[in-house]
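Peer 1: Dropping the sequence and predicted coords here.
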There are 2 protein chains.
Amino acid sequence: MTTSPVIRICLTPALYPIYRDDNSIVVVVDIFRATSAICTALHHGMTSVIPVAAIDEAKNFPGNGYIIAAERGGEVVAGFAYGNSPLSYRNNPEIVGKKLVLTTTNGTQAISAAKDAAALCVGAFSNISALSSWLLNQQKDVMILCAGWKNRLNLEDTIFAGALTRMLLNQGFVLDIDSDAALTAITLYEQSKENMYRFLEPSSHRQRLSKLNLEKDIEYCLQWDTTSVVPVLMNGELKNVLSKL
Amino acid sequence: MTTSPVIRICLTPALYPIYRDDNSIVVVVDIFRATSAICTALHHGMTSVIPVAAIDEAKNFPGNGYIIAAERGGEVVAGFAYGNSPLSYRNNPEIVGKKLVLTTTNGTQAISAAKDAAALCVGAFSNISALSSWLLNQQKDVMILCAGWKNRLNLEDTIFAGALTRMLLNQGFVLDIDSDAALTAITLYEQSKENMYRFLEPSSHRQRLSKLNLEKDIEYCLQWDTTSVVPVLMNGELKNVLSKL
């Protein structure tokens, strides 16, 4: 008899020490916008993404061969040409063949918190089906780690966690005894799936981005299955483990 | 122009340091079963409840004039006659006129975490309408602190938080910018309100209590408005600030 792999959800990095499980593959999710941007960058020709927690750390990389990107509070940090807008990495000849050094408010902090996991990959609506298939092939327990907003939970990452959990449950994964976070996320996903864009209207980060005129980013980050890249952390770099679409 | 009072939700005590706001009235909630038991004990003749975090601390109180109660992991701690079953405090002549010293797995830990708040009160479905009226009269910001389960969020406390938030929003309270926890709780409440008992069937704590043959406790804890007591912490004791039904 084989044991079904378990899926768990951690709704913010602040709770990761409580939920962590060293045998699980951790899926880091920051829909608006770090993990969406990472998938886009790898899909559109970048060779890897190097997530760093601190802005100073990002500055240490040379300009040659690297694109250095920094975002805080939704905006590109002064002195940097790139932030975490996925659209800036789409059909952009300047970035092809280069490595992206990325530091953001939430997403890269969550990656840093879970960097010692058995394996770490990155999820977004853009790669949800590819990611789900890849996770199914691994047949290991999965922990979805939502980046949230400054250690608070947010709606969009929770909804994504619910959607991915739903997909994995349909493919033989099971919940564990402490599954209330997963049941919460699935409920949010079920309620939002008909019109996620509208459901998120009152959410805090949606409003924050709208004020920064980032509506196009929001729409883009909510599109499903625009890529089949699955970014996996290897020696400090996120690299695609599947062939591109 | 007066400012509308704000309502916030903190989904587990582990997040309290991130969400805390020293000007708010904190409402501690542990539906299964500490805060339900506290309301029941005060409604049925106990003069106050003294919440303590540690079992050893509870043992320091004399038997005379006090009922000492301890629960861990859903069960009465060995050597104690009482735990946190609300039913044990209902129509029980032994307890009338006495003080309850109570230590539990989650609820009294959450009270302890928030004991320095501007004011601290206790909520359960049994007193939700009385509590809502009392909070409305205070016209201060409110923080609902869910006790959860060992620092993880749980469904029943989150649903209660959503229900109380919905009531307060209807009475002029507003959400703040970081309201995603509140929107999550409201969504869960809206989805569960038709049949909360059934909605909670897959929840972890519901299953835990079912295994301990505590179905009657669950049913009791989900009944609305069986009391009008509002327990408020004053000098380390929870006392009712409203007259009883």
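Peer 2: Good, I have the coordinates. Numbering: from 1, shown residues only, chains lettered A, B, ... in the order given.
Peer 1: alpha carbons only for contacts and neighbour counts from here, please
Peer 2: Noted.
Peer 1: List the buried residues for stretch A:22-33?
Peer 2: Using 16 or more other CA atoms under 10 Å in any protein chain shown as the test for burial, stretch A:22-33 gives A:24-33.
Peer 1: so how far is that stretch from its chain's centroid?
Peer 2: Remark: stretch A:22-33 is offset 6 Å from the chain centroid, using CA atoms, centre = their mean, to the nearest Å.
Peer 1: so where do the helices sit in chain A?
Peer 2: Using DSSP state H, the helices of chain A run over residues A:16-19, A:34-43, A:55-59, A:107-113, A:128-138, A:155-169, A:180-192, A:196-199, A:204-211, A:215-221.
Peer 1: by contact count, what packs against the second one?
Peer 2: Same thing as helix A:34-43. The contact analysis (3 or more CA pairs under 8 Å, 6 or more residues apart in numbering or on different chains; DSSP states H and E) places helix A:34-43 against strand A:48-51, helix A:107-113, strand A:119-123, strand A:231-234.
Peer 1: now do the longest one
Peer 2: Using 3+ CA pairs under 8 Å, 6+ apart as the contact criterion, the elements in contact with helix A:155-169 are strand A:6-10, strand A:25-29, helix A:128-138, strand A:142-146, helix A:180-192, helix B:180-192.
Peer 1: now do the last one
Peer 2: If you count contacts as 3+ CA pairs under 8 Å, 6+ apart, helix A:215-221 packs onto helix A:204-211.
Peer 1: Next, work out how far apart A:W224 and A:S36 are.
Peer 2: For A:W224, the distance to A:S36 equals 11 Å [CA to CA, to the nearest Å].
Peer 1: if you count what's nearby, which of the two comes out ahead?
Peer 2: A:S36 (28 against 13; other CA atoms under 10 Å in any protein chain shown).
Peer 1: Poorly predicted segments of chain A, please.
Peer 2: For chain A, the stretches with pLDDT under 70 are A:1, A:243-245.
Peer 1: Recalculate using a threshold of 50.
Peer 2: Residues of chain A meeting the criterion pLDDT under 50: A:244-245.
Peer 1: who in it is up against chain B?
Peer 2: A:14-15, A:18-19, A:151-155, A:177-181, A:183-184, A:187-188, A:191, A:203-204 (CA under 8 Å from any CA of the partner chain).
Peer 1: Tally up the residues packed near A:T2, please.
Peer 2: Neighbours around A:T2, by other CA under 10 Å: 4.
Peer 1: Using CSV, list the CA coordinates for stretch A:106-119.
Peer 2: Taking Å, rounded to 0.1, in the frame of the first residue of the first chain, the C-alpha atoms of stretch A:106-119 are listed here in CSV:
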residue,chain,number,x,y,z
ASN,A,106,7.0,39.8,0.1
GLY,A,107,7.8,37.1,-2.4
THR,A,108,11.5,36.9,-2.2
GLN,A,109,11.2,37.1,1.6
ALA,A,110,9.0,34.0,1.6
ILE,A,111,11.5,32.2,-0.7
SER,A,112,14.3,33.1,1.8
ALA,A,113,12.2,31.8,4.7
ALA,A,114,11.8,28.4,3.1
LYS,A,115,15.1,28.1,1.3
ASP,A,116,16.1,25.1,3.5
ALA,A,117,13.0,23.1,2.4
ALA,A,118,13.5,19.6,0.8
ALA,A,119,12.7,21.4,-2.4
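Peer 1: Which positions in that stretch come out as buried?
Peer 2: Neighbour count says stretch A:106-119 has A:106-111, A:113-115, A:117, A:119 buried, by 16+ other CA under 10 Å.
Peer 1: List the contacts of it.
Peer 2: A:13, A:16, A:21-26, A:28-30, A:33-35, A:51-53, A:102-103, A:120, A:145-151, A:232-233 (CA atoms under 8 Å, 6 or more residues apart in numbering or on different chains).
Peer 1: ok so, going back, just put the helices and strands packed on helix A:155-169 in CSV and tack on distance to A:G74.
Peer 2: Formatted as CSV, the helices and strands packed on helix A:155-169 follow (distance: least, CA to CA, whole Å):
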stretch, distance to A:G74
strand A:6-10, 23
strand A:25-29, 16
helix A:128-138, 23
strand A:142-146, 17
helix A:180-192, 23
helix B:180-192, 17
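Peer 1: for the longest strand belonging to chain A, packing partners?
Peer 2: Taking DSSP state E as the criterion, chain A has its longest strand at strand A:66-72. Counting contacts by 3+ CA pairs under 8 Å, 6+ apart, strand A:66-72 packs against helix A:55-59, strand A:99-103.
Peer 1: A:L233: what's its closest spatial neighbour, skipping adjacent residues?
Peer 2: In space, and not counting its chain neighbours, A:L233 is closest to A:L120: 5.5 Å by CA to CA, 6 or more residues apart in numbering or on different chains.
Peer 1: burial count for A:I186?
Peer 2: Neighbours of A:I186 using other CA under 10 Å come to 21.
Peer 1: my guess is A:L188 contacts B:T184, does it?
Peer 2: Yes - counting by CA atoms under 8 Å, A:L188 does reach B:T184; the two are 7.0 Å apart.
Peer 1: joint contacts of the two?
Peer 2: With CA under 8 Å, 6+ apart, A:L188 and B:T184 have no common neighbours.
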